[in-house]
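S.K.: Model the following, please.
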Amino acid sequence: MSLPEIKYCPGTLAEGFDTYSTTCLRRVFQGRKVSHVLPYAPPQSNEEDAEKFIENRKRISISGVQEKLSLLLDKNKLRLTEEGEQGTYILKPVPRDIRNVDQVPANEHLTMQIARQVYGLQTAENALIFFNNGEPAYITKRFDVKDDGSKWGKEDFATLAGKTEENAGHNFKYDYSYEAMGELLKKYVPAWRVEIEKLFSLIVFNFLFSNGDAHLKNFSLIETPGGDYVLSPAYDLLNTRIHVDDSDFALDGGLFHDSFKSEEMKKSNHPGLHDFQELARRFEIKEKRRDRILLLYLQKQSMVEELIDHSFLNDKTKPAYLLHYQTKRNHLNSA
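M.R.: Residues are numbered from 1 along each chain as shown. Modelled structure (predicted):
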């Protein structure tokens, strides 16, 4: 594998860049001139680097199936953290054992960029980066680490729901509904009327972009400087249908904690507009606000196609990604 030819910023996907744009460097790397190539080979590629990765993995506290490594910015260079150091970036190399595995970093990067640039969702800062042999990885800046290295309080929704593998079994992250998540947000967030609109928008986005891994641990509350909690920036967004044959929703309960199904859902087994309107009603979102949020997702967004085209997905995966978006938008428009 060799380093790819870069025509678009590996951060913002803006045209005309052969490395990170100044916008990306400012947002993701504190304005420092960081290279889009890491000074490492991928894990398992050579013994010396593999040892470093094994040690580093012991220090990262973020759980999940996908391998995650802890990095920090040392002057203008990214490097693996050493013992006693607080990482400020998470690096996710190409994982294993799923379909189109080499497309996972580009998929997550593209989906996160669409969320922010097209739909205005607050997201963790992120970019695509490359090992020195050209293999891609996804890098994201930690939003729970302060400038002084201390951490903001952060609670994922599995913790808020009191669910662990010990008390709720192996499926604990999935045994819930999005409506019940809204109830948790109302309980723990003083400014819940503002934050529940953000949660609603993110749930619609995850449906539209086939994120079948939007489980309880992939939503969190984050502490504010005032000491209360709000919905954290979105993270771990990707089109899982590219890699696995999953259902419309990660949570087994789907949108509702009762058996509500719209006529569209009964006919096609996919939710339509009425299902999301009902969720907004249960979230106590006013109709005008609900319609404004939904309109963005119902309309065709030409920038989605542009970002897919500029992305680092290969030529086989780009049309598949676009087709999934178009199919889900058709479902969403059925009423």
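S.K.: what's the burial count for Y321?
M.R.: By other Cβ atoms under 10 Å, the residues close to Y321 number 26. For the C-beta atoms, the positions are set from N, CA and C on the backbone; glycine is no exception.
S.K.: is it true that it touches T240?
M.R.: No - in this structure, Y321 is not within contact of T240 by Cβ atoms under 8 Å, at 11.4 Å.
S.K.: Next, count neighbours for L323.
M.R.: So L323, with other Cβ under 10 Å, has 11 neighbours.
S.K.: Check which helix or strand it maps to.
M.R.: helix 317-332 (DSSP states H and E).
S.K.: In that helix, which residues are buried?
M.R.: Buried residues in helix 317-332, counting neighbours by 16 or more other Cβ atoms under 10 Å, are found at T317, K318, A320, Y321, H324, Y325, K328, R329, H331, L332.
S.K.: How about the contacts made by the last one?
M.R.: L332 makes contact with V204, F207, L208, P271, G272, L273, F276, Y297, L298, according to Cβ atoms under 8 Å, 6 or more residues apart in numbering.
S.K.: Just say helix, strand or coil for I196.
M.R.: Classification of I196 by DSSP: H, G, I helix; E, B strand; the rest coil places it in helix.
S.K.: Show me what the mean pLDDT comes to for stretch 220-235.
M.R.: Here stretch 220-235 scores 97 as its mean pLDDT.
S.K.: That one: end-to-end distance?
M.R.: Using Cα to Cα, to the nearest Å, one end of stretch 220-235 lies 9 Å from the other.
S.K.: who touches it?
M.R.: With Cβ under 8 Å, 6+ apart as the test, stretch 220-235 has contacts from 112, 115, 121-124, 140, 143-144, 152-157, 160, 185, 188-191, 194-195, 198-199, 202, 205, 218-219.
S.K.: Extract the C-alpha trace of stretch 121-136 and format it as PDB.
M.R.: Presented in PDB, the C-alpha positions along stretch 121-136 are these (Å, rounded to 0.1, in the frame of the first residue of the first chain):
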ATOM      1  CA  LEU A 121     -25.100  18.700  14.300                       C
ATOM      2  CA  GLN A 122     -22.500  19.300  17.000                       C
ATOM      3  CA  THR A 123     -19.900  16.700  16.500                       C
ATOM      4  CA  ALA A 124     -16.500  15.700  18.000                       C
ATOM      5  CA  GLU A 125     -13.700  17.300  15.900                       C
ATOM      6  CA  ASN A 126     -12.300  14.700  13.500                       C
ATOM      7  CA  ALA A 127     -10.200  14.000  10.400                       C
ATOM      8  CA  LEU A 128      -8.800  11.100   8.400                       C
ATOM      9  CA  ILE A 129      -5.100  10.400   8.900                       C
ATOM     10  CA  PHE A 130      -2.700   7.900   7.300                       C
ATOM     11  CA  PHE A 131      -0.100   5.500   8.700                       C
ATOM     12  CA  ASN A 132       3.200   5.700   6.900                       C
ATOM     13  CA  ASN A 133       2.400   2.900   4.600                       C
ATOM     14  CA  GLY A 134      -0.800   4.700   3.300                       C
ATOM     15  CA  GLU A 135      -3.400   2.800   5.400                       C
ATOM     16  CA  PRO A 136      -6.100   5.100   6.600                       C
END
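S.K.: right, and the helix or strand after the helix or strand of the chain with the lowest mean pLDDT?
M.R.: Least confident helix or strand, the chain: helix 47-57 with a mean of 53, by mean pLDDT, DSSP states H and E. Remark: after helix 47-57, the chain's next helix or strand is strand 69-74, criterion DSSP H and E.
S.K.: just so I have it, where are all the strands in the chain?
M.R.: Ranges of strands within the chain are 69-74, 77-80, 89-93, 126-130, 136-141, 154-156, 220-223, 229-231, based on DSSP state E.
S.K.: Tell me which of those sits most buried.
M.R.: Mean neighbour count (mean count of other Cβ atoms under 10 Å) peaks for strand 126-130 among the strands of the chain, with a mean of 25.
S.K.: how big is the angle separating that one from strand 69-74?
M.R.: Strand 126-130 and strand 69-74 meet at an angle of 90 degrees, taking axes from the mean of the first three to the mean of the last three Cα atoms, to 10 degrees as the criterion.
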